[in-house]
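S.K.: missing the sequence, but the structure's below:
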């Protein structure tokens, strides 16, 4: 209190000795000097200093400080209460927002985006977008509905010496060599697409599950646990499933190379031949993996755009463009597949060294992939398919092509398979990528 009232330099009370006096600041002054030469305090003011008065002032100050501290503490408590009243609702809103963000808000945003894609006519992208939402709202049903319009689903296919056909009632018929249980399909129902490997047959059911029959040496028929599948393909020792979210699953595989497709995304169609797998993306680009004899025999498809259908051959890949023309690719300069003059093509297929195209008028064009200096890759004689008419779908085999006619019957221009008893074969949906 002494320093509060007399300044921070106050160290001691006034002290007078003979002809000197010590100021409260510690400075020594001569008697007769009435003002300290250091702090300018008057000796008379210092002589009037009263210790009891200082104590009283101190008590009053401490009381005031305590009252002020009490008022500030009370104000702080009131402020804290107000903050709690405001903060708790805000925190509650934030917590609710965070709790709803992943299960509700984000899925709703993605659902609206999928609807926008559908409304804009981007069906393939909408199918994938709904598929990625899984069981949220009616996403799965809407995804399957979209996929039903764009998925490449075969209703006729040829394997190693046998042919398979899908009927309109969802059952399956076969023709050719019956071995290894690959034709044990009489009990299949609700099938919407089929695929054949070398010695195994695969069926896609309407509920997105898959069935398989035949040789299972490499696990190619282990598809019992697959779900949400919208399209299928089968190689010699493996089976590929395209899921509703645009990803790909694989069963089997002798060489482990087709498993490279497991990191593919936004896929809308797959095709294969041997150990080569081709994937069509929603943006019209193409990806490829696999092996045939040597890794450097991979065709190069990275520059392809506006592709709406794909086919894989032994040494090559084929892409159908939106304008009805074809592009082909192979990493070997001696492999030639001249389809540059083909126009008005609506579907394409291939087998070993053959390319087959379905024209918009229902006729079929075919070509042989030629190795420079040789008559062909395998030496099989491929039967001319130009006399096929009224065709709505095609599948190529080693010697010719099977064509599905608009009346639900099928014809084999090479007469390899007796298809005379095939009736009511399902006509495929138009699988064109938006």
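M.R.: Noted; the coordinates are in hand. For clarity, every value in this text was computed on a predicted model and none was experimentally measured.
S.K.: what ranges does the stretch 301-434 of the chain have for its strands?
M.R.: Remark: strands assigned in the stretch 301-434 of the chain by DSSP state E, counting those that start in this stretch are 307-312, 317-321, 326-329, 335-336, 345-351, 354-359, 364-368, 370-371, 391-396, 401-405, 410-412.
S.K.: between those, which gets nearest to residue 35?
M.R.: With C-beta to C-beta as the criterion, residue 35 lies closest to strand 307-312 of the strands of the stretch 301-434 of the chain, at 103.8 Å. Bear in mind the C-beta positions are built from the backbone N, C-alpha and C, glycine included.
S.K.: so what secondary structure elements neighbour the closest one?
M.R.: strand 267-273, strand 276-281, strand 286-290, strand 317-321, strand 345-351 (3 or more C-beta pairs under 8 Å, 6 or more residues apart in numbering; DSSP states H and E).
S.K.: apply 10 Å and report the result again.
M.R.: strand 267-273, strand 276-281, strand 286-290, strand 317-321, strand 326-329, strand 345-351, strand 354-359 (3 or more C-beta pairs under 10 Å, 6 or more residues apart in numbering; DSSP states H and E).
S.K.: I'd like the strands of the stretch 301-434 of the chain laid out as TSV, including distance to residue 243, mean pLDDT and mean neighbour count.
M.R.: Shown next, in TSV, are the strands of the stretch 301-434 of the chain (distance: least, C-beta to C-beta, whole Å; pLDDT from 0 to 100; neighbours: other C-beta atoms under 10 Å):
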stretch	distance to residue 243	mean pLDDT	mean neighbour count
strand 307-312	18	92	25
strand 317-321	22	90	24
strand 326-329	26	86	22
strand 335-336	33	56	18
strand 345-351	23	88	24
strand 354-359	27	86	25
strand 364-368	32	71	21
strand 370-371	37	41	16
strand 391-396	24	92	22
strand 401-405	26	93	25
strand 410-412	29	94	23
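S.K.: okay, now the unreliable bits of the stretch 101-250 of the chain?
M.R.: 101 (pLDDT under 70).
S.K.: which is the succeeding secondary structure element to the helix ranked longest in the chain?
M.R.: Looking across the chain with DSSP state H, the single longest helix is helix 51-100. Per DSSP states H and E, the first helix or strand lying C-terminal to helix 51-100 is helix 106-119.
S.K.: can you get me a residue count around residue 43?
M.R.: Residues lying near residue 43 (other C-beta atoms under 10 Å) number 18.
S.K.: how near is it to residue 52?
M.R.: For residue 43, the distance to residue 52 (C-beta to C-beta, to the nearest Å) stands at 21 Å.
S.K.: try residue 40
M.R.: As judged by C-beta to C-beta, residue 40 and residue 52 stand 26 Å apart.
S.K.: how deep is residue 182 tucked in, by neighbour count?
M.R.: Neighbours of residue 182 using other C-beta under 10 Å come to 26.
S.K.: can you read off the backbone torsions of the closest residue to it other than its chain neighbours?
M.R.: Leaving out its chain neighbours, the residue that sits closest to residue 182 by C-beta to C-beta, 6 or more residues apart in numbering is residue 214, at 3.2 Å. Dihedral angles of residue 214 (phi, psi; degrees, to the nearest 10) stand at phi 110, psi -160.
S.K.: give the contact list for residue 214.
M.R.: By C-beta atoms under 10 Å, 6 or more residues apart in numbering, the contact set of residue 214 is 159-160, 162, 179-185, 196-202, 220-221, 234.
S.K.: buried ones only from the residues you listed, please, as a ChimeraX command.
M.R.: Of the contacts of residue 214, the buried ones can be selected in ChimeraX as follows, counting by 16 or more other C-beta atoms under 10 Å:
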select :159,160,162,180,181,182,183,185,196,197,198,199,200,201,202,220,221,234
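S.K.: just the ones of the contacts of residue 214 in strands?
M.R.: Taking DSSP state E, the ones among the contacts of residue 214 that sit in strands are 162, 196, 200-202, 234.
S.K.: assign a three-state SS to residue 45, would you?
M.R.: Classification of residue 45 using DSSP: H, G, I helix; E, B strand; the rest coil returns helix.
S.K.: residue 179 and residue 210: what is the separation?
M.R.: Residue 179 is 22 Å from residue 210, by C-beta to C-beta.
S.K.: should've said residue 37
M.R.: From residue 37 to residue 210 the distance is 107 Å (C-beta to C-beta).
S.K.: who's more crowded, those two?
M.R.: Counted by other C-beta under 10 Å, residue 37 and residue 210 do not tie: residue 210 has more neighbours, with 23 against 11.
S.K.: element containing the spatially closest residue to that one that is not a sequence neighbour, please.
M.R.: Closest residue to residue 210 apart from its sequence neighbours, by C-beta to C-beta, 6+ apart: residue 223 at 4.2 Å. Using DSSP H and E, residue 223 sits within no helix or strand.
S.K.: spit out the contact partners of residue 223.
M.R.: By C-beta under 10 Å, 6+ apart, the contact list for residue 223 reads 200, 202-204, 209-212, 229, 232, 234, 239-241, 249-252.
S.K.: let's see which of these end up in strands.
M.R.: Members of those lying in strands (criterion: DSSP E): 200, 202-204, 210-212, 229, 232, 234, 239-241, 249-252.
S.K.: stretch 307-318: end-to-end distance?
M.R.: End-to-end distance for stretch 307-318, by C-alpha to C-alpha, to the nearest Å: 10 Å.
S.K.: what does stretch 405-415 give?
M.R.: Stretch 405-415 has its terminal residues 16 Å apart, counting by C-alpha to C-alpha.
S.K.: and if you look at stretch 407-415?
M.R.: 19 Å.
S.K.: and for stretch 263-279?
M.R.: 12 Å.
S.K.: need the contact list for residue 59.
M.R.: By C-beta under 10 Å, 6+ apart, the contact set of residue 59 is residue 1.
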